[in-house]
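Just to be clear, the model below is a prediction. Sequence and coordinates:
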Amino acid sequence: MARFFQPKKKTEINRKHQSITIARLDHLGSGIAYQNKKPIFIEGALPGETVVYQLTESKSKYSRGKLIKVLTASEERVTPFCPHYASCGGCQLQHLEHQAQIKYKQESLEQLMAKFAGQSLSLSEPVVSHHQHYRRRARFSLVWDKVNKSLTVGFRKKQSQDLVGIDHCPVLDNDLNLVLEKIKPVLNRLSKPESLGHVELIKADNERVVLLRHVKPLNEDDKRKLHQFVKQTEVTLYLMPESGMVEMLAGKVPFYEDAGLPIYFQPNHFIQVNKIVNTKMIQQAIDWLDLNEQDRVLDLFCGGGNFSLPVARKVKQVIGIEGIEEMVIQADTNAQKNDVNNALFYQANLEEDMTQSEWGREKFDKILLDPARAGAKGIIEQTTELGAKRVVYVSCNPATLARDSQSLIQQGFRLEKLAMLDMFPHTSHLESMALFVR
């Protein structure tokens, strides 16, 4: 018998405004309510609040709703300090008092580790900073308005590719806000503003840095205008004519000095956006590793030497491993500039077997790792063979930290310390540090 495909009829969403009480926050900061045991995620709503919402999405296991009105407000609700907060996608938690944000992130970290890693542990004190003007780096998108003949400089809207024009960002370093104000008219006067992709602003310890992405060549008049901007504003300017390729137009190589050593970097290199938290994080990692002068330390995902070089001051040797060759060269350069002679850096794919590599055949006393959001699944499974008794894991994704923790526990490690790092106040991003001991 022939069978014919019959598509399922789409269920009409009930878009009528409804009221509901919020039970808790999810790990991205949205309020969660329950209707017939089915979770409804409502961005902008807080636990304990009764709100009016409108369904925007309905799936078999969950729904999403748009917050229409708060009927009964939480005591922890505050008025957002940014005038763009309602539309800008940069921050998600400005409506929640900052101390309550810290508490919520700590609880989220505890719950994720208990659920997925089976580890219940009282958290150490959180690592915190100022919660406004803390960002020393931000990327602004650039879009040319053909009708108004003007350039919009800003961030993406919530759940949209459209831009919110930004004149001043209250979580951005004030020096960078001044640069933003001065560069906008300059970009508008370039010959082909429609060919500009983005502008990135970075506050180094020796300089303010501007990185301009352009997809078509700049003419000599454009470069003259940019040189004039550099002279008047006293910044370093880099151009990015191709993705991943940077050219210094004028200025000096930037560095930051969060742990007493200048760490030089290129504007397309990764650096931590929060100087205060990064400084405290480096010191906490050193304390938790319990370093001594005889230790050999392995620093995985070492970047330009953010942890490696401060650690090298206290131990016999540091081996830094990074997947990007350019960063390995930068780390080696930083070691030379700081007269650090006991740190060696290698490029390696950390998803592969490292135990037979040039550096992996020797054993290590301590391991430090700071992977990207994907975590460290490949290398973490080799920890026992590398010989370390103490491992400090810095994570920007608690889900992959919980997953990798399972592997360490199976290898005989125990989770001894866990802390939340408030690297990104007012956002849902959750940075953390864990100490494992065998």
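Perfect, thanks for sending it.

ok, so what distance separates residue 82 from residue 190?
Separation of residue 82 from residue 190 (C-beta to C-beta, to the nearest Å): 28 Å. No exception for glycine: its C-beta is placed from N, CA and C like everyone else's.

Name the residue in those two with the higher neighbour count.
residue 190 (20 against 17; other C-beta atoms under 10 Å).

now that one, what's its secondary structure?
coil (DSSP: H, G, I helix; E, B strand; the rest coil).

Model confidence for it, exactly?
At residue 190, the model reports a pLDDT of 96.

And it, how close does it get to residue 281?
In terms of C-beta to C-beta, residue 190 sits 39 Å off from residue 281.

What count of nearby residues applies to the closest residue to residue 115 other than its chain neighbours?
Distances taken as C-beta to C-beta, 6 or more residues apart in numbering put residue 402 closest to residue 115, at 7.4 Å, once the chain neighbours are dropped. By other C-beta under 10 Å, the residues close to residue 402 number 23.

On the three-state scheme, residue 402 is what?
helix.

pretty sure residue 279 contacts residue 259?
Yes. Using C-beta atoms under 8 Å, residue 279 is in contact with residue 259, at 6.3 Å.

how about the residue nearest to residue 353 when sequence neighbours are not counted, what does it touch?
Counting by C-beta to C-beta, 6+ apart, residue 353 lies nearest to residue 382, which is 7.0 Å off, once chain neighbours are set aside. Shown in contact with residue 382 (C-beta atoms under 8 Å, 6 or more residues apart in numbering): 353, 354, 355, 360.

In the longest helix seen in the chain, which residues are buried?
The helix that spans the most residues within the chain, counting by DSSP state H, is helix 98-116. Residues 98, 100-102, 104-106, 108-110, 112-113, 116 are the ones in helix 98-116 that count as buried (16 or more other C-beta atoms under 10 Å).

And stretch 345-356, end to end?
16 Å (C-alpha to C-alpha, to the nearest Å).

mind checking how far that stretch is from the chain centre?
24 Å (C-alpha atoms, centre = their mean, to the nearest Å).

Can you tell me what sits against it?
300-302, 305, 308, 319-325, 328, 331-332, 335, 357-361, 371, 376-379, 382, 385-386.

Quick check: strands, which of these are part of them?
300, 319, 320, 321, 322 (DSSP state E).

Any idea what the first one is bridged to?
Think residue 300. residue 321, residue 369 (DSSP bridges).

Based on its surroundings, how many neighbours for it?
Residue 300, neighbours per other C-beta under 10 Å, totals 25.

again, but for residue 432
Neighbours of residue 432 (other C-beta under 10 Å): 26.

and it, what element?
Secondary structure from DSSP states H and E places residue 432 in strand 431-437.

now that strand, how far from the centre of its chain.
17 Å.

Show me what that strand is packed up against.
Contact here means 3 or more C-beta pairs under 8 Å, 6 or more residues apart in numbering; DSSP states H and E; on that basis strand 431-437 packs against helix 275-289, strand 390-395, helix 398-410, strand 414-421.

Quick one: the helices in the stretch 51-200 of the chain, in order.
Assigned by DSSP state H, counting those that start in this stretch, the stretch 51-200 of the chain shows helices spanning 98-116, 174-188.

buried sites along the strand or helix carrying residue 346?
When elements are assigned from DSSP H and E, residue 346 belongs to strand 343-347. Within strand 343-347, the residues scored as buried using 16+ other C-beta under 10 Å are 343, 344, 345, 346.

Point out where the stretch 1-150 of the chain drops to low pLDDT.
1-11 (pLDDT under 70).

quick one: contacts for residue 330?
264, 265, 266, 269, 304, 305.

Please determine how far the first one is located from residue 304.
Distance from residue 264 to residue 304, counting by C-beta to C-beta: 7 Å.

Also the second one?
Applying C-beta to C-beta, one obtains 5 Å for the distance of residue 265 from residue 304.

same check, this time on the fourth one
Here the distance between residue 269 and residue 304 works out to 6 Å (C-beta to C-beta).

Now for those two: what residues contact both?
327, 330.

Of the two, give the one with the bigger neighbour count.
For residue 269 versus residue 304, neighbours defined as other C-beta under 10 Å are more numerous around residue 304 (29 against 17).

so what's the more buried one closest to, chain neighbours aside?
residue 330 (4.4 Å).

three-state assignment of residue 15?
coil.

Show the contacting residues for the residue nearest to it when sequence neighbours are not counted.
Once flanking residues are discounted, residue 15 sits nearest to residue 54: 5.7 Å by C-beta to C-beta, 6+ apart. Listed by C-beta under 8 Å, 6+ apart, the contact set of residue 54 reads 15, 16, 17, 18, 65, 66, 68.
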